[in-house]
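>>> The following block contains a protein sequence and its predicted model.
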Amino acid sequence: MLTHIRRMMSAGNSTPQPMAVDGPAVSFIVILYDMPKQAEKTLYSLMPEYQQGVDASDYEVIVVENESANTLSREFIAKLPANFSYHLRAEREPTPVHAINHGAGISRGRYLCVMIDGARMVTPGVVRNIIRGHRLQDTAVVTVPGYHIGEQLQQEAVDQGYGVEQDQALIASCGWPANGYGLFDIACFSGSCAAGFFRANSESNCISIPRAIWASLGGLDTRFNLRGGGLVNLDLYKRACEYNGVEHVVLLGEGTFHQFHGGVTTGGEARDVRALLIEEMQEQYQQIRGEPYQSPETRPVYLGEFPRQVLRFVHSSAEPLLQQSPPVSTEPPVPLFPQKTARS
């Protein structure tokens with residue numbers, strides 16, 4: 001449920017200052033496998049020329065690619081900015097877990113931002129607002145809502161003939177990359193975020209965690225060894241958001257946008273095959289954690305600018321709540337703009 005909103009802007013200087021003294025504030029760990037066309041767009045969306053209000057020195061991008069027959073081209077890798085590094089791995093298991101833990105192990109940032117799916121482009125304010133989010137509190141976990149390119153979930157649209165060609169045509173139609181926030185105009189909520197902004201979500205494909213909390217969590221659990229990692233990303237989201245003392249910060253006006261690439265659960269295989277795999281993933285989660293997966297219930301802080309294109313998603317998120325009878329609460333109301341403290 002929505003509790004309060006903070007919008008942090010300083011007149012004349014909207015660039016957040018780096019949090020780390022001897023290195024970047026945030027390390028983005030981006031995992032790739034068999035998706036070079038989509039990965040190029042994702043990586044471009046993280047480049048300093050696309051991200052607004054930050055310098056290359058504020059963050060690093062660690063690209064970890066598990067070897068396949070379709071890896072990034074040498075020409076593209078050679079043109080990556082200086083704050084990017086590329087690492088090709090020969091992986092023996094069908095899971096990105098080891099690649100992510102490897103990327104975390106070689107990272108230098110004070111905060112680790114995990115992007116488990118390299119097919120997810122981001123909006124131009126993601127880096128700036130992740131840094132802002134971590135400035136709110138030392139234990140802030142910052143998450144970005146997820147979307148699918150297209151009018152409906154790609155695992156549904158694929159049955160009507162949707163594929164890579166239609167997906168890439170939609171991206172071109174919205175004026176990307178010059179119009180970074182135009183991605184909202186050609187997208188729908190992803191399945192994990194289908195409940196909208198103001199009810200519990202099940203994961204984020206761009207989740208930034210303080211290094212100390214990452215270490216306390218033990219990184220990603222290597223027991224999640226199914227294709228695509230099973231529910232490991234949902235597991236990370238739940239454990240991080242429920243970590244004692246965490247402030248969950250959601251970047252309402254930013255997003256990650258999934259490009260169709262024939263992924264494990266987003267339309268790459270027949271519906272019955274996907275259903276069996278998802279059932280296997282759920283069973284594995286229950287074996288590891290001792291209970292079925294349930295989305296974490298958090299009281300998030302909503303942070304960032306508010307692009308016009310996101311308004312329809314705010315409306316669709318709020319409408320079901322507005323139709324409900326208001327709950328009786330004895331708690332005092334939470335102020336829309338909390339009083340400033342020495343920390344803010």
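Sure, I can see it.

>>> helices or strands next to the helix or strand hosting Glu283 in the packing?
Remark: Glu283 resides in helix 271-289, with elements defined by DSSP states H and E. For helix 271-289, the packing partners by 3 or more Cβ pairs under 8 Å, 6 or more residues apart in numbering; DSSP states H and E come out as helix 232-241. All C-beta spots, glycine's among them, are computed from the backbone N, C-alpha and C.

>>> Could you give the separation of the helix it packs on from the chain centroid?
12 Å (Cα atoms, centre = their mean, to the nearest Å).

>>> swap in stretch 74-82?
23 Å.

>>> could you measure Asn205 against Thr143, distance?
Distance, Asn205 to Thr143, using Cβ to Cβ, to the nearest Å: 9 Å.

>>> before we move on, back to that, partners of the helix or strand following the helix holding Glu283, with directions?
Where DSSP H and E defines the elements, the next helix or strand beyond helix 271-289 is strand 301-303. With DSSP bridges as the test, strand 301-303 is paired with strand 4-6 (parallel), strand 247-251 (parallel).

>>> Extract the residue ranges of the stretch 151-300 of the chain that are flagged as low pLDDT.
263-270 (pLDDT under 70).

>>> where does the residue nearest to Ser295 when sequence neighbours are not counted fall, phi/psi-wise?
Spatial nearest neighbour of Ser295, chain neighbours left out: Ala200 (4.0 Å); criterion: Cβ to Cβ, 6 or more residues apart in numbering. Main-chain torsions, Ala200, degrees, to the nearest 10: phi -60, psi 130.

>>> how about the strands of the protein, start to end?
Secondary structure of the chain (DSSP state E): strands at 4-6, 26-32, 59-66, 84-89, 111-115, 120-122, 140-143, 146-149, 187-189, 207-210, 247-251, 256-258, 301-303.

>>> comparing the ones you listed, which gets the lowest mean pLDDT score?
Note on the strands of the chain: lowest mean pLDDT is at strand 4-6, with a mean of 38.

>>> Can you tell me the centre-most residue of the chain?
Nearest to the mean C-alpha position of the chain, by Cα atoms, centre = their mean, lies Cys206 at 1.9 Å.

>>> Surely it and Val126 touch.
Yes: contact criterion Cβ atoms under 8 Å: Cys206 and Val126 qualify, at 6.6 Å.

>>> Check which residues of stretch 148-164 are buried.
His148, Ile149, Gly150, Leu153, Gln154, Gln155, Glu156, Ala157, Val158, Tyr162 (16 or more other Cβ atoms under 10 Å).

>>> what sits up against that stretch?
37, 166-167, 170-171, 183, 186-191, 257-262, 265-267, 271, 274 (Cβ atoms under 8 Å, 6 or more residues apart in numbering).

>>> And these, which of them are buried?
Among these, the ones that count as buried (16+ other Cβ under 10 Å) are 166-167, 170-171, 183, 186-191, 257-262, 265-267, 274.

>>> among those residues, which are in helices?
If you go by DSSP state H, the buried ones among the contacts of stretch 148-164 have Gln166, Asp167, Leu170, Ile171, Arg274 in helices.

>>> Including distance to Glu247, could the residues you listed go into a markdown table?
Output for those, formatted as a markdown table (distance: Cβ to Cβ, whole Å):
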| residue | distance to Glu247 |
| --- | --- |
| Gln166 | 40 |
| Asp167 | 35 |
| Leu170 | 35 |
| Ile171 | 34 |
| Arg274 | 35 |
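
>>> Widest-spaced pair of those?
Greatest spacing in those, by Cβ to Cβ: Ile171 and Arg274 (23.9 Å).

>>> Which of the buried residues of stretch 148-164 fall in helices?
Using DSSP H, these in helices are Gln154, Gln155, Glu156, Ala157.

>>> So for stretch 100-108, what gets flagged as buried?
Quick answer for stretch 100-108 (16+ other Cβ under 10 Å): Ile100, Asn101, His102, Gly103, Ala104, Ser107.

>>> re earlier: let me have the ones in helices among the buried residues of stretch 148-164 in TSV, extended by distance to Trp214.
TSV is the format used below for these (distance: Cβ to Cβ, whole Å):
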residue	distance to Trp214
Gln154	30
Gln155	30
Glu156	34
Ala157	35
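
>>> Out of those, which is nearest to Asn179?
Using Cβ to Cβ, those come closest to Asn179 at Gln154, 21.7 Å.

>>> can you redo the buried residues of stretch 100-108 as a markdown table with pLDDT and distance to Leu136?
Below are those laid out as a markdown table (pLDDT from 0 to 100; distance: Cβ to Cβ, whole Å):
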| residue | pLDDT | distance to Leu136 |
| --- | --- | --- |
| Ile100 | 98 | 25 |
| Asn101 | 98 | 27 |
| His102 | 98 | 30 |
| Gly103 | 98 | 25 |
| Ala104 | 98 | 23 |
| Ser107 | 98 | 22 |
